[in-house]
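Q: Next input, structure requested:
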Amino acid sequence: MICHLYEPSRREKLQLSVGALLHVLLDNIEKKLEGSSAEANRKLFLYSAHDTTLIPCLMALEIFDMKWPPYAADVTLELHQNRKTGDTFVKVSYMGQDQLIPGCSGVYCPLQEFKQVVSTYTLTSELYHSRCTSTGEQAEP
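A: Okay, here's the model as predicted:
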């Protein structure tokens, strides 16, 4: 599986592996900031995944260390907001270690920078479904 993700068309394979999940994560962040989440006081979103989902997620964030994740490995995304300025930041940790995401100016990554990094791989559920059901053939005119 990992070998296939490293081929030249890696972007599309990562999109199909974790694009829908990354879209949901960003959507939940936006809804929380807008106050439009179904449960306004909710402070935690918890997702469970297998190692075969965790690896592409780490690859999309460019923090995969080429080691198979151990049992119970975790990725934590924390959303922080500066009380004075209102600026928002995302902090990513992998197995309890804070990560500097390439493309981010610091461990506390400004939300816009984080969205830019992740946007390369996000897919809406509609686009995901469309790509998964596509035969790859061009329709005749």
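Q: Show me the residue at the heart of the protein, geometrically.
A: The centroid of the chain falls nearest to Leu22 when counting by C-alpha atoms, centre = their mean (3.4 Å).
Q: isn't that residue right next to Val118, touching?
A: Yes - between Leu22 and Val118 there is a contact under C-beta atoms under 8 Å: 5.2 Å. C-betas here are computed from N, CA, C, even on glycine.
Q: on that earlier part again, measure how buried the closest residue to the residue nearest to the centre of the chain other than its chain neighbours is and give me the count.
A: Residue nearest to Leu22 in three dimensions, not counting chain neighbours: Thr122, with 4.6 Å by C-beta to C-beta, 6 or more residues apart in numbering. Number of residues near Thr122 (other C-beta atoms under 10 Å) recorded here: 21.
Q: Surely Thr122 is within a helix?
A: No - looking at Thr122 with DSSP: H, G, I helix; E, B strand; the rest coil, it is coil, so not inside a helix.
Q: how far away is it from Lys67?
A: The gap separating Thr122 from Lys67 is 25 Å, by C-beta to C-beta, to the nearest Å.
Q: And for Pro56?
A: Distance of Pro56 to Lys67, computed by C-beta to C-beta: 15 Å.
Q: When the two are compared, which one has more neighbours?
A: Neighbour count, other C-beta under 10 Å: between Pro56 and Lys67, Pro56 has more, with 25 against 9.
Q: quick one, what contacts that one?
A: Contacts here follow C-beta atoms under 8 Å, 6 or more residues apart in numbering; on that basis Pro56 touches Leu5, Lys13, Leu14, Ser17, Val18.
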